[in-house]
Structure formats: structure tokens, C-alpha cells
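S.K.: Model the structure of this input:
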Amino acid sequence: MDFNGNKRVFNRLGPSVDNRNQKVCYHWRAGRCYKNPCPYLHRELPLPHQQQQQQQPPPMSNGAASSKRPLGFSEDQNLPRRNPNFNSSSSWGRVQGGGVGSRVVRKQEKVCNFWVNGKCHFGDGCKFLHSWSTGSCFSLLTKLEGHQKVVSGIALPSGSDKLYTGSTDETVRVWDCQSGQCTGVINMAGEVGYMLSEGPWIFVGLPNVIKAWNAQTATDLSLSGPVGQVYALVVGNDFLFAGTQDGTILAWKFNAATNCFEPAASLTGHTLAVVTLVVGGNRLYSGSMDHSIKVWSLETLQCIQTLTDHTSVVMSVLCWEQFLLSASLDKTIKVWVASDSGNLEVTYTHNEEHGVLTLCGMHDAEAKPVLLCSCNDNSIRVYDLPSFSERGKLFSKQEVRSIQIGPGGLFFTGDETGEVRVWTWLAEPTPTTTPSA
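M.R.: Residues are numbered from 1 along each chain as shown. Here you go, the predicted structure:
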């Protein structure tokens, strides 16, 4: 017979009364522990006051408990006191106050991977987010799935009830704005680098060519001239500008008589690919992989200033009122303003923890200016302007490369998984006041 069996079990589990040095099995709590035997407990530890009550002598015994303190408080002066700021991975983000009903879950600003896959067993007790956003000013309406790679462009032409999305999977998808269903897939025979809608026109940047479609007249044009991938498109002063892989910015002008776009100019100066363009006032601004921003006159199409304050790729440029905002992989957003001499100078630098991929400016449900800032940690920060106070965050499965404003408070985001999401702004709740008697 095995006379030492109980001893071995005792050595493995330890004393059954003092649980201070024992741990509850992480996998057992999640309902996924298959070890037998398991070195950790498959039961919850009693709360400190419950454990003390278990060790309390019977009321009628000679070793009666001291009546100087209420029951449930430890008499052991050598027990460590918990620091109120204590935080440990073993606490699962919860602060225990006096029972299960009073636990508070501290949420980390990271989406729960198990929740994404429909497998989180912790519910409201999970320390990670079970939501795609923080803040109460926006709501996710729906997801549009179909692209297999990065969503690199989103376009919503005026006068159309269709949404167009382009991807590096070499397709453009057409979505019905009423039903949210995909009504068509156009094979582009090349990666889509960017999409732009201007009036009824849709422009699609591809390797060595730009496709131009008119949603009202069904006109289909091809604009040749780019060398390599087209990464950026913008319209200004009746010109269509394209930023290309070889660092050149090409310009076309529309000829209404011939119903075509005619080559107008080639702007050179960048040494690497031009990845972002914006028009503001009478200026064209271009950001490049060469870490610089160039300022061009729309009248002469000549470069009038080069900005070199960024230390990495300038991913996005944006005009807001009299300011130019620029975002870079150097983890900064810079705000530029014209000095007395007319040259742009940095007036403010906002620092992020991660590289910045794209900027989008819009107004919220109360017409307040806000900045959407996509970072390479799979999140979009939402800031008030000009204060840069954070309103909330949007989260995605992978990096968001495209943000597009829609009508009626809608906006669209496209990420590297190929998913397009439709969001809407919500009016901020107004505080209710109790009328005085």
C-alpha cells in the first residue's frame, strides 16, 4: 500500500489553510487548463477577511479572539500592507474593495485579442477593451469586408450613392451606400496607391498611370507619365497633381473642349518618393520619403521653400486655417505658421509614442474642429484643435492607412487587413440640471 501518498499530495499543494503563497491557475480561470496534475490552484483563494474568519477559534474556547478589533481584521502585524498604488499582473487589473460585487476593472487601452476572436471568458471583468473605441463621441456603424490587402484609398464622388475603395490587392470595390453591399469589383491590374474624388471625378493612382472616371458621364480616361507607383493626388487651381515614386510631382489641366486632361508641368526637387500632397491658399505642399516638405507656388509652379525639420518620412500634410500640419514617422506632428518674412516656421510640435501615418481634419457633431491621427500601433487618436486635447481613440486590427470624410457626420477608415469601417459622430451628452425648488 502507498503510505506516502498523502504526504506527496501535501508537498505538492501545501497547507490547505494558508493560501498567501499560492496562485490560482490562469488557464483554469479561463476554462482552458488541461494539466493533471496542475501545479496551481483550481479554486479561488478566499478573501483576506474570509480566511481570517476560518482561522478564528470557536467563541467558547480558551483561546478566544481578542475583542479589541472587529472580526475580519488581521491581528498579524508582520503581514505586508498593500500600497494603494499597487498594481500587479496577478490582480487582473481589479482593485478589491470588500467582495466580488465591489470589484473595479482597470481597462488597458488595448483591444482584447480573445474578444476579437469571440473567445474571451472574462466578460466585463477583462482588463482589456471589448470595444473598438474609447470616448463617447463616435460610434462604429458597420464594417465593409472584401479587400485582401491594404486599403490605400477611399473615394465618395459627389452626386453618387456609391462608395469606392481601392487596395494593394489590385482591385477597386464599389459599395452601395444604402445597403452596405459590394456591387462591383474592378480589376486594376496594379496596386492602388491612392484614390481621390473631386466633384463627379474619381482618380486612381496606379503604377505608371492614373485612371480617371466620371461617375455621372461614365467617362474613362488614362493619364500616362508617372514613373513608378502614384502615392498621392490632389486638385488645386484647376490642376490635378500626382506625387510619384521617383520624387516627381506631375500636373495636368482639364480641357473641357476635348473632355480630357492635358499634361501641364513636372515639378522636380524631391530626391525620394512623394507620398502626400495638400493645397492650401495659393500653395501646394508636398511631403516625401526624403524627410522634407516642399512649398510650391500654384501660380508659377516653382518651389519657394523647403522645410527640413522632420527626421523621418513625412507621411501626411494638412491645412487648417492659416496653419500647415505635418505628420512623420519620427513620431511628431508639427504645426507651421508663416512668419513676417512669409516663410513657414514651426510654432508647435506634438509628440506621439508611435510613428504617425496619416492625418484627417474634420468637424464633430457640434461643428468643433478635430484632428484624426492614425499611428502605427493600430490606433487613431482623436484630438481637439488647437488644444490637442485627446477626445478618444479608435482601434483597428492593423494600421489604418486611409481616412475619408463622408456626409452627415460619417467618416471611413481602411486598414492593412483590407477592412473598411464606417463611423459616425455622436453629439456629446448635455449635463442635466435639477431645477431648484
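
S.K.: List the neighbours of stretch 377-391 that are in contact with it.
M.R.: 135, 137-138, 320, 335, 350, 352-354, 361, 364, 368-375, 392-400, 403, 413, 415 (Cβ atoms under 8 Å, 6 or more residues apart in numbering). For every residue, glycine as well, the C-beta is placed using N, CA and C.

S.K.: Swap in 6 Å and give it another go.
M.R.: The contact list for stretch 377-391 (Cβ atoms under 6 Å, 6 or more residues apart in numbering) reads 135, 137, 350, 354, 369-374, 392-396, 398-400.

S.K.: Need the distance between the two termini of it.
M.R.: The first and last residues of stretch 377-391 sit 18 Å apart, counting by Cα to Cα, to the nearest Å.

S.K.: Make 50 the starting number, not 1.
M.R.: Will do, 50 is the new start, and the previous item becomes stretch 426-440.

S.K.: Quick check: buried residues in that stretch?
M.R.: Buried residues in stretch 426-440, counting neighbours by 16 or more other Cβ atoms under 10 Å, are found at 427-432, 434, 440.

S.K.: pLDDT on that stretch, on average?
M.R.: When pLDDT is averaged over stretch 426-440, the result is 91.

S.K.: tell me how far that stretch is from the chain's mean position?
M.R.: Offset of stretch 426-440 from its chain centre (Cα atoms, centre = their mean, to the nearest Å): 10 Å.

S.K.: which stretches of this protein have low pLDDT?
M.R.: For the chain, the stretches flagged by pLDDT under 70 are 50-71, 75-85, 91-157, 162-168, 170-171, 176-182, 477-486.

S.K.: Would you map the helices across it?
M.R.: Taking DSSP state H as the criterion, the chain carries its helices at 54-62, 75-78, 97-104, 162-165.

S.K.: what about Pro249, distance to Cys226?
M.R.: Distance, Pro249 to Cys226, by Cβ to Cβ, to the nearest Å: 15 Å.

S.K.: ok, back up a step: out of the contacts of stretch 426-440, list just those in strands.
M.R.: 399, 418-423, 441-444, 449 (DSSP state E).

S.K.: Among these, the buried ones, what's the ChimeraX command?
M.R.: The ChimeraX selection below is limited to those of the ones in strands among the contacts of stretch 426-440 classed as buried (16+ other Cβ under 10 Å):
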select :399,419,420,421,422,423,442,443,444,449
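
S.K.: can you tell me which two in the ones in strands among the contacts of stretch 426-440 are farthest apart?
M.R.: Maximum pairwise distance among the ones in strands among the contacts of stretch 426-440 (Cβ to Cβ): 22.9 Å, between Pro418 and Phe444.

S.K.: hang on, isn't Ala414 packed against Trp472?
M.R.: No - assessed by Cβ atoms under 6 Å, Ala414 is found out of contact with Trp472, at 11.7 Å.

S.K.: Of those two, give the one with the bigger neighbour count.
M.R.: Neighbours were counted for Ala414 and for Trp472 using other Cβ atoms under 10 Å; Trp472 has more, 22 against 14.

S.K.: quick one, what contacts that one?
M.R.: So Trp472 contacts 187, 189, 460 (Cβ under 6 Å, 6+ apart).

S.K.: Quick one: residues contacting Asp269.
M.R.: With contact taken as Cβ under 6 Å, 6+ apart, Asp269 is in contact with Trp262.

S.K.: Provide the partner residues of it in its beta bridges.
M.R.: Bridge pairing for Asp269 (DSSP bridges) gives the partners Trp262.

S.K.: repeat for Phe461
M.R.: Here Phe461, judged by DSSP bridges, has bridge partners Gln453, Val471.

S.K.: neighbours around it, how many?
M.R.: 23.

S.K.: just checking, it touches Gln453?
M.R.: Yes - counting by Cβ under 6 Å, Phe461 does reach Gln453; the two are 4.6 Å apart.

S.K.: Identify the contacts common to these two.
M.R.: Here Phe461 and Gln453 share the contacting residues Ile203, scored by Cβ under 6 Å, 6+ apart.

S.K.: I'd like to know how far Leu245 sits from Lys302.
M.R.: From Leu245 over to Lys302 (counting by Cβ to Cβ), the distance is 16 Å.

S.K.: Comparing those two, which residue is more hemmed in?
M.R.: With neighbours defined as other Cβ under 10 Å, Leu245 and Lys302 compare such that Leu245 has more, 24 against 13.

S.K.: which ones are touching Phe460?
M.R.: Neighbouring residues of Phe460 by Cβ under 6 Å, 6+ apart: 454, 472.

S.K.: again, only this time at 10 Å
M.R.: By Cβ atoms under 10 Å, 6 or more residues apart in numbering, the contact set of Phe460 is 187, 203, 409, 411, 421, 429, 443, 452-454, 470-474.

S.K.: Also Thr381?
M.R.: Contact partners of Thr381, counting by Cβ under 10 Å, 6+ apart, are 358-361, 375, 395, 398-401, 404-405.

S.K.: of all those residues, which two lie farthest apart?
M.R.: Using Cβ to Cβ, the contacts of Thr381 span at most 18.4 Å, a distance reached by Val395 and Gly404.

S.K.: Name the residue closest to the centre of this structure, please.
M.R.: By Cα atoms, centre = their mean, the chain has its centre lying nearest to Ser428, at 1.8 Å.

S.K.: and that residue, bridged to which residues?
M.R.: Per DSSP bridges, the residues bridged to Ser428 are Cys424, Phe444.

S.K.: pretty sure Cys352 is touching Val344, no?
M.R.: Yes - using Cβ atoms under 10 Å, Cys352 makes contact with Val344 at a distance of 6.9 Å.

S.K.: so what sits against both of those two?
M.R.: Residues touching both Cys352 and Val344 (Cβ under 10 Å, 6+ apart) are 333, 335.

S.K.: Common neighbours of Ala414 and Trp472, please.
M.R.: By Cβ under 10 Å, 6+ apart, Ala414 and Trp472 have these common neighbours: 187, 458.

S.K.: Please work out how many residues are found near the residue lying closest to Ser207 once chain neighbours are set aside.
M.R.: Excluding the flanking residues, the one nearest Ser207 by Cβ to Cβ, 6 or more residues apart in numbering is Gly248, at 5.6 Å. Burial of Gly248 is recorded as 12 neighbouring residues (other Cβ under 10 Å).
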